[in-house]
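Student: Got a sequence here, can you model it:
(one chain, ligands or ions: 2)
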Amino acid sequence: MATAEHIKSLIRSHCDNDRERFFAIALQVAAHEAKQGHAAAAHDIRALVDNARTTPRKVIPFNREFSDLILAATPSYRVSDIILPDEKRQRIDRVVHEYRKQDKLRKHGLSNRRKILLAGPPGTGKTMTASVLAGELKLPLYTILMDKLVTKFMGETSAKLRQIFDIIRVQCGVYLFDEFDAIGAERGRGNDVGEMRRVLNAFLQLIEQDDSDGLIVAATNNAAILDQALFRRFDDILYYGLPSSSEVQNLVANRLGSFRPKKMSQVELVKAANGLSHAEIGQACDDAIKNAILSDNKSVTATSLKNMLKERRAAYGQPSNTSRT
Ligand SMILES: Nc1ncnc2c1ncn2[C@@H]1O[C@H](COP(=O)(O)OP(=O)(O)O)[C@@H](O)[C@H]1O
Ligand SMILES: [Mg+2]
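Tutor: Ligands and ions are numbered 1, 2, ... in the order given. Model (predicted):
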């Protein structure tokens, strides 16, 4: 039987909504049972914990007030789905690993890294990274629609943000503040710049004060807003960039799958994809696949793929697309 101490700890962690601690104590009970010679009971408890750990947490719907401000999803992405330099992949692995071992860290007065800032050009995998983290940790992904928050609640944006952080405290998940700088950069729409600055500062303060169990991921395409004040609020900052030559090759191979052309010069492929983001290369691959299907071919041709990549690149020659850096 579990000791009274174990039961008290289980109740405490349940009331605190601390799932990882709850599991850790359950495993202590299993060890205790094994020591008493109750191997079957120990086995059953471990199996229950393993099972619960690998079952994704349920997405809890929000009430009407928040349901159109926060999108809920259950992603099933894994780290292996995303093409990234090894160094970045290791840092994502580290966030996952520390989350899983948070109890062990806590015993030494340390906490797992859980406030992550992602910065880099569009289409390089920032939003996807938040999905990967949620997929790996079996947590729901909650995306906060920042621009909606600002336009809908102008004047009370800070108050709404505070309410969202109240939700974060009680509802564990990966919370993605995508393109969060939207709240600081609404100058063009006739909004009060001073008010926007205040909202951005309030947001950063809320992040700093947050000590919930979930992950907070903030993503921005705008590296110019990054400054020291921002950095110290986060446990980790990851910079994203356009894919390297080998990443282009991996990305295309992954995306084309069985539609890969029989012969294709990798040098020419890399050249054709020069300057394009992961997302654009992915779209060019999809276009080439569609082409193959509609022409009743089992694989794409190297020429078709190159043309699709060229088409994507040509878009930047147009005056309407000169904003890309
Ligand atoms: N690093 C990557 N590896 C694999 N696919 C990617 C990567 N980056 C982007 N993609 C593809 O492009 C899509 C859009 O990327 P996204 O993560 O939304 O970009 P960002 O948030 O940086 O603008 C993804 O859903 C995925 O299909
Ligand atoms: Mg994004």
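
Student: hey, let's count contacts and neighbours off CA atoms from now on
Tutor: OK.

Student: which parts of the stretch 1-150 of the chain sit against ligand 1?
Tutor: 82-84, 122-128 (C-alpha under 6 Å from any ligand atom).

Student: Who wins on neighbours among those residues?
Tutor: Sorting these by how many neighbours each has (other C-alpha atoms under 10 Å) puts residue 126 first, at 26 neighbours.

Student: surely that one meets residue 117?
Tutor: No: counting by C-alpha atoms under 8 Å, residue 126 stays clear of residue 117, with 9.4 Å between them.

Student: what's the overlap in contacts for these two?
Tutor: Both residue 126 and residue 117 are in contact with residue 219, where contact means C-alpha atoms under 8 Å, 6 or more residues apart in numbering.

Student: what's in contact with the host helix or strand of residue 303?
Tutor: Element membership for residue 303 (DSSP states H and E) is helix 302-314. With C-alpha under 8 Å, 6+ apart as the test, helix 302-314 has contacts from 261, 263-264, 269, 272-273, 275-276, 280-281, 284-285, 287-288, 291.

Student: Equivalent analysis for stretch 237-250, please.
Tutor: Residues outside stretch 237-250 that contact it (C-alpha under 8 Å, 6+ apart) are 83-85, 88, 116-121, 124-126, 231, 266, 269-270, 273, 275-278, 281.

Student: Keep only those of these that are in helices.
Tutor: Among the contacts of stretch 237-250, the ones falling in helices (DSSP state H) are 88, 126, 231, 266, 269-270, 278, 281.

Student: Number of residues surrounding residue 70?
Tutor: Using other C-alpha under 10 Å, residue 70 has 22 other residues around it.

Student: Go ahead and confirm residue 222 touches residue 122.
Tutor: No: judged on C-alpha under 8 Å, residue 222 makes no contact with residue 122 at a distance of 9.2 Å.

Student: Confirm that residue 253 sits in a helix.
Tutor: Yes: counting by DSSP: H, G, I helix; E, B strand; the rest coil, residue 253 is found in a helix.

Student: any idea how far ligand 1 is from the closest residue in space to it that isn't next to it in sequence?
Tutor: The shortest distance from residue 253 to any non-neighbouring residue, by C-alpha to C-alpha, 6 or more residues apart in numbering, is to residue 260 (6.7 Å). Residue 260 is 17 Å from ligand 1, where distance means C-alpha to the nearest ligand atom, to the nearest Å.

Student: surely residue 260 meets residue 299?
Tutor: Yes: at 5.7 Å, residue 260 and residue 299 qualify as touching, with contact defined as C-alpha under 8 Å.

Student: Low-confidence ranges, the stretch 51-200 of the chain, go.
Tutor: 61, 154, 184-193 (pLDDT under 70).

Student: hmm, 90 instead?
Tutor: Regions of the stretch 51-200 of the chain meeting the criterion pLDDT under 90 cover residues 51-69, 74-81, 103, 107, 145-160, 170-171, 178-200.

Student: Tell me where it has strands.
Tutor: With DSSP state E, counting those that start in this stretch, the ranges of strands along the stretch 51-200 of the chain come out as 70-73, 115-119, 141-144, 174-178.

Student: Residue 161 is nearest to which of the ones you listed?
Tutor: Proximity to residue 161 (C-alpha to C-alpha) singles out strand 141-144 among the strands of the stretch 51-200 of the chain, at 9.6 Å.
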